[in-house]
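# Sequence and predicted model, in that order:
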Amino acid sequence: MNKTTQDLINAYKSVFDTPSGEKVLKNLIKSAGMLDVNPIKRETDFMFWEGKKAMVLEILRILKMKDDDVIAVIENSEE
C-alpha cells in the first residue's frame, strides 16, 4: 500500500472513528436505505438507491468494517 492510500485511509478513520463520525455514518447507512427495502417504481429508482448504497459501502470498505462493526454502529450510536 502506498503512502497516499494509507494517508487517505487514515483520513477516513480520523473522521469516522469518533462519536460524531459514528453518528454521521449511522445517518449515511439509514439515508442510503441500507436498512430498508426501497420502493422501486422505475428503473432509475433502482439505480438511484444502488448508487447511494455503493457510496456507503465504499466508506465501509475503506474503514475495513465488518458486519459486526456496522451493527455496533447502528445499535450503539446516539439518535
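Received it, and whenever you're ready, just let me know what you need.
# Leaving out the residues flanking it, which one is nearest to residue 60?
Sequence neighbours aside, residue 70 is the residue nearest to residue 60 in space, at 6.3 Å (criterion: Cβ to Cβ, 6 or more residues apart in numbering). C-beta coordinates here come from the backbone N, C-alpha and C atoms, glycine included.
# Let's check: the centremost residue of this structure is which one?
By Cα atoms, centre = their mean, the chain has its centre lying nearest to residue 56, at 3.3 Å.
# In contact with that one, which residues?
Residue 56 sits next to 28-29, 32, 34 when contact means Cβ atoms under 8 Å, 6 or more residues apart in numbering.
# Tell me where the chain is predicted with low confidence.
Along the chain, the model assigns pLDDT under 70 to residues 77-79.
# can you map out the helices along it?
Secondary structure of the chain, counting by DSSP state H: helices at 3-16, 19-31, 43-62, 67-76.
# Phi, psi for the closest residue to residue 13 other than its chain neighbours please.
Leaving aside its sequence neighbours, residue 13 sits nearest to residue 63 (Cβ to Cβ, 6+ apart; 6.5 Å). For residue 63, the backbone dihedrals (degrees, to the nearest 10) come out as phi -80, psi -10.
# number of nearby residues for residue 63?
The burial count assigned to residue 63 is 19, neighbours taken as other Cβ atoms under 10 Å.
# OK, contacts around it?
Taking Cβ under 8 Å, 6+ apart as the test, what residue 63 contacts is 9, 12-13, 16-17.
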